[in-house]
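J.: just to be clear, the model below is a prediction. Sequence and coordinates:
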Amino acid sequence: MTENNVSNVLISMQGINKGFPGVQALTNVDFDLRYGEIHALMGGNGAGKSTLIKVLTGVERPNSGKIFLEGQEVSVKSPQHAQSLGISTVYQEVNLCPNLTVAENILIGREPMKFGRIDWKETNRQAREILLRILGIDIDVDRPLGSYSVAIQQMVAIARALEIASAKVLILDEPTSSLSINETEQLFQVMRKLKGENVGIIFITHFIDQVYEITDRITVIRNGQRVGTFDTATLSRMELITKMVGKSITVLDEMSKIKVETGKHISKELILQAKELGQAGAIEPIDLELHSGEVLGLAGLMGSGRTEAVSLLFGLETPDSGELSIDGKKVEKFSPYESIKRGLVLLPEDRKATGIVDDLTVRENIILALQAGLGWFKYLSLQKQYEIADTYIKLLEIATPSADQPVKNLSGGNQQKVILARWLATNPKVLILDEPTRGIDVGTKAEIQKLVLSLAEEGKACIFISSELEEVMRCSHRIAVLSDKKKVGEFSGDVDEHVIMQAMAGE
């Protein structure tokens, strides 16, 4: 553990305690951030990372403990107060207004005025200049933010955070979870530039390699308690993971053992078949086949068309070409409701926007799809709801004090498990999993990968999407590769990773 040079400490959090009904989220946690350092905050889902950040940024008030900024004790009353102090945050789920333009999102409340009105020409010019100066990206800032990919939305959120606060402290909560390799490197260049300007950066991520590429120190939190703070250069990857999970065996070893079997349980009959299925501007006509007991991986870079393809399969969008058959029957009506009735379900990429229902409990979120499928006149009894919820809480090891805990109080990984439980409760034939392990810790990631393979062995059919090619290869019987909104190849068996990467790159 490193010793602190007090004169170099930008933020010091001392003895932070925070509890919620039924949960002690933080117990006597210390954390410090130095000027001009990139400091990783690591821990499994539910470890307390997000709660500590919420205390620092005024979203939550600690039950006890002190916060010092540049040597002066402060009581951070709200996120706005935190910004005024020079503490700026970019959360994993983009917290901007998709219906407003990029320029409006960046400069909202600070738009340049002319003759008592907003000067839109100057607003757009300033927004474009900010994006170019801070991140080096050039996009149409007059377009609605929601018309861009999640990756671009994330970059806009980062630019806004940096511009607003003239930040002394920048907190990045899973900022790379939706970014491509090139976009991630672009962000890292920005982080190094800010570090050189003496900004302190708190970096929360589940990508171990990125921690070792960009950070100076690592603080590990487990079960709401600080395990320790370490120089990145002196802490091995295995030691880090061991400290995160609190086990002597490493999760990486567990993950390395996860491997899809030969496929002896795959049915010969097709459960899903798409022929020339497409939508103009979204995805070129595509052919896909899926058998019971099979995992079909979709590989491709950001914007390749993976999400657009499964949006057609699930009925979120209506195709304008081709046809789709489930169990040999041609699909005539495309809608999520009809898909669920046919036994086809989707775990969405953006769990915050289209997955969990914040204001409902864990139990209510789990039984939501099942109740909707039964119809509201066939109401599930409260006893049955608890039976179902408790079954999946145990099966998926969802970390919650009870089924009645508001789902918004759970960590991101546990929220992901709740959505998965919701769909498993409907006993589906086909599960479409779009980035099911994005933004979750290595332990939960291994659990979900094992679950996907066990579901296939039980005869379920799965479509598995992940930005991590190694994960797709580990969990899939076949892999369909997409590039530039079209399918460019399909592979099965023992295929070389570089061959798939070439196909992803369109070569």
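T.: That came in fine, so what should we check first?
J.: assign a three-state SS to the nearest residue to residue 364 once chain neighbours are set aside, would you?
T.: Nearest non-adjacent residue to residue 364, counting by Cβ to Cβ, 6 or more residues apart in numbering: residue 357, 7.4 Å away. Bear in mind the C-beta positions are built from the backbone N, C-alpha and C, glycine included. When classified by DSSP: H, G, I helix; E, B strand; the rest coil, residue 357 comes out as coil.
J.: pLDDT at residue 357, what is it?
T.: pLDDT, residue 357: 86.
J.: that one touches residue 368, doesn't it?
T.: Yes. If you go by Cβ atoms under 8 Å, residue 357 and residue 368 touch, sitting 6.9 Å apart.
J.: more neighbours, the two?
T.: residue 368 (19 against 13; other Cβ atoms under 10 Å).
J.: that one looks like it's in a helix, true?
T.: Yes. Assessed with three-state DSSP, residue 368 lies in a helix.
J.: who's in contact with the closest residue to it other than its chain neighbours?
T.: Leaving out its chain neighbours, the residue that sits closest to residue 368 by Cβ to Cβ, 6+ apart is residue 422, at 5.8 Å. For residue 422, the contact set (Cβ atoms under 8 Å, 6 or more residues apart in numbering) comprises 365, 366, 367, 368, 369, 370.
J.: let's see that with 10 Å instead.
T.: 345, 347, 355-357, 364-370, 388-389, 392 (Cβ atoms under 10 Å, 6 or more residues apart in numbering).
J.: if you rank those residues by neighbours, which is first?
T.: Ranking the contacts of residue 422 using other Cβ under 10 Å puts residue 366 first, with 31 neighbours.
J.: quick one, phi/psi of the nearest residue to residue 305 once chain neighbours are set aside?
T.: Leaving aside its sequence neighbours, residue 305 sits nearest to residue 485 (Cβ to Cβ, 6+ apart; 4.1 Å). The phi and psi values for residue 485, taken as degrees, to the nearest 10, are phi 70, psi 20.
J.: what of the one 5 residues further on?
T.: Summarising the backbone geometry of residue 490 under the convention degrees, to the nearest 10, its torsions are phi -140, psi 140.
J.: surely it meets residue 503?
T.: Yes. With contact defined as Cβ atoms under 10 Å, residue 490 counts as touching residue 503 (9.1 Å).
J.: out of the two, which sits in the busier spot?
T.: More neighbours surround residue 503 than the other of residue 490 and residue 503, with 22 against 14 (other Cβ under 10 Å).
J.: now for the more buried one: which residues touch it?
T.: Counting by Cβ under 10 Å, 6+ apart, residue 503 touches 299-300, 479-483, 487-491, 495.
J.: one more: residue 310?
T.: 283, 288, 298, 316-317, 344, 346-349, 432-434, 463, 465.
J.: quick one: least confident of the residues you listed?
T.: Out of these, that is residue 349, at 72.
J.: ok but that one is inside a helix, no?
T.: No. Assessed with three-state DSSP, residue 349 is coil; it does not lie in a helix.
J.: report the separation between it and residue 339.
T.: With distances taken as Cβ to Cβ, to the nearest Å, residue 349 is found 17 Å from residue 339.
J.: residue 70 too?
T.: Taking Cβ to Cβ, one finds residue 70 at 54 Å from residue 339.
J.: pick out whichever of those two has more residues nearby.
T.: Set residue 70 next to residue 339 and count neighbours by other Cβ under 10 Å: residue 339 wins out with 23 against 14.
J.: still on that earlier bit, now intersect the contacts of residue 310 with the strands, please.
T.: Counting by DSSP state E, the part of the contacts of residue 310 found in strands is 283, 288, 298, 344, 346, 347, 432, 433, 434, 463, 465.
J.: so in terms of bridging, what pairs with the second one?
T.: The bridge-partner assignment for residue 288, based on DSSP bridges, gives residue 274.
J.: equivalent analysis for the last one, please.
T.: On DSSP bridges, the residues paired with residue 465 through beta bridges are residue 298, residue 434.
J.: ok, it touching residue 307?
T.: Yes. At 7.3 Å, residue 465 and residue 307 qualify as touching, with contact defined as Cβ under 10 Å.
J.: shared neighbours, the two?
T.: Both residue 465 and residue 307 are contacted by 298, 300, 349, 434, 435, 482, under the criterion Cβ under 10 Å, 6+ apart.
J.: ok, these vs residue 203, which is closest?
T.: Residue 203 lies nearest to residue 435 out of the shared contacts of residue 465 and residue 307, by Cβ to Cβ, at 20.4 Å.
J.: what about the closest one, how many neighbours?
T.: Residue 435: 24 neighbours (other Cβ under 10 Å).
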